[in-house]
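**Student:** Attaching a predicted model along with its sequence, questions to come.
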Amino acid sequence: MKTLFTQLPEWAKKPLRQLRSTLYHGSARFCPVCQRSSRQFLDGGIVPRADAQCAHCGAFERHRLLWIYLSEHTNLFDGRKKEMLHVAPEKCFESRFREKIGSGYLTADLLDPNVMVQMDITNIQYPDQSFDVIYCSHVLEHVPDDKKAMREFQRVLKSDGWAILQVPITSEKTIEDPSITDPAERLALFGQEDHVRRYGPDYAERLRETGFSVDVIEITDLVDAETATQMGLTEASGEIYFCRK
């Protein structure tokens, strides 16, 4: 979602970033993504939340939780050559992934002109077993045929690879109705004008139905309560859906 800040030219953003860093100077919060401390996190989010976004790198709760998992519980940063597909790349991750993964890092999106490849994830233009790692976050809730996209991810993932496929869990059970196309109705039922469903905890089973084995990782699996507070990890962080063939 574009904000006034994101639409500013780069020369105008720099002094604002410096001012924000000064205003939020402190040590009560720590962001594992950029490894910087602050007095508190910024308020923010499509659903507005207090103490949510890192003042330095822009990471939200779910990004901070994921970075801990990637750094401490996967082989993503072990220095070995990998082919990684990153769908709808987040600014707080993109440059860091590019630096750590190198030439094997590929960004993709259906509409964003700034990615490396324009891609419809229900029809991925790469052969079977092309990628060691696939990361796609908060995209599938926009895709009418999400199971087709899941099958495509499963197809292009290498046999010994892994994928993290994140969605917002905002319902007790997944609800969808393809006949609803009016943005106002989608907002009322699905929480956003361009969402086509709300996912529930049965999302993991939805992934399994398309051929993945799935582990669901929660905050308490990764950090203790004190660390969670310092890193601003809350219910808004969600769970991590770690998928293998």
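**Tutor:** Perfect, I can see it now.

**Student:** residues in contact with Glu193?
**Tutor:** Listed by Cβ atoms under 8 Å, 6 or more residues apart in numbering, the contact set of Glu193 reads 183-184, 186-187. In short, each C-beta sits where N, CA and C put it, glycine included.

**Student:** so which of these comes closest to Asp146?
**Tutor:** Comparing these against Asp146 with Cβ to Cβ places Arg186 closest, at 14.9 Å.

**Student:** Wait, that closest one touches Ser179, no?
**Tutor:** No. Counting by Cβ atoms under 8 Å, no contact exists between Arg186 and Ser179, whose distance comes to 11.2 Å.

**Student:** where along this structure do the strands fall?
**Tutor:** Chain-ordered strands for the chain, with DSSP state E as the definition, fall at 29-31, 36-38, 42-44, 49-53, 84-87, 105-109, 117-118, 131-137, 157-166, 175-176, 197-198, 213-217, 240-244.

**Student:** could I get the ones you listed as TSV with mean neighbour count, mean pLDDT and distance to Met231?
**Tutor:** Output for those, formatted as TSV (neighbours: other Cβ atoms under 10 Å; pLDDT from 0 to 100; distance: least, Cβ to Cβ, whole Å):
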stretch	mean neighbour count	mean pLDDT	distance to Met231
strand 29-31	20	97	6
strand 36-38	18	94	11
strand 42-44	16	92	14
strand 49-53	17	94	11
strand 84-87	24	98	22
strand 105-109	20	98	25
strand 117-118	12	98	33
strand 131-137	23	98	18
strand 157-166	18	98	18
strand 175-176	15	96	31
strand 197-198	22	97	27
strand 213-217	14	98	15
strand 240-244	20	98	14
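
**Student:** Of all those, which one comes closest to Leu76?
**Tutor:** With respect to Leu76, and counting by Cβ to Cβ, the nearest of these is strand 131-137 at 6.2 Å.

**Student:** Sheet partners, orientation included, of the closest one?
**Tutor:** Applying DSSP bridges to the sheet, strand 131-137 is found paired with strand 84-87 (parallel), strand 157-166 (parallel).

**Student:** Quick one: low-confidence residue ranges for the protein.
**Tutor:** Where the chain drops to pLDDT under 70, the residues are 1-14, 16-24.

**Student:** Break it into its domains for me.
**Tutor:** By the record's domain assignment, the chain is partitioned as 1-59, 60-244 (automatic domain parsing).

**Student:** which of these is buried the deepest?
**Tutor:** Compared across those, domain 60-244 shows the largest average neighbour count, a mean of 17 (mean count of other Cβ atoms under 10 Å).

**Student:** Off-centre distance for that domain?
**Tutor:** Averaging C-alpha positions (Cα atoms, centre = their mean, to the nearest Å) puts domain 60-244 5 Å from its chain's average.

**Student:** returning to what we had before: a markdown table for the contacts of Glu193, including distance to His73?
**Tutor:** Supplementary listing: these in a markdown table, determined by distance: Cβ to Cβ, whole Å:
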| residue | distance to His73 |
| --- | --- |
| Pro183 | 39 |
| Ala184 | 41 |
| Arg186 | 35 |
| Leu187 | 36 |
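
**Student:** Nearest to Thr227 among those residues?
**Tutor:** The shortest gap between Thr227 and any of the contacts of Glu193 belongs to Leu187, at 35.8 Å (Cβ to Cβ).
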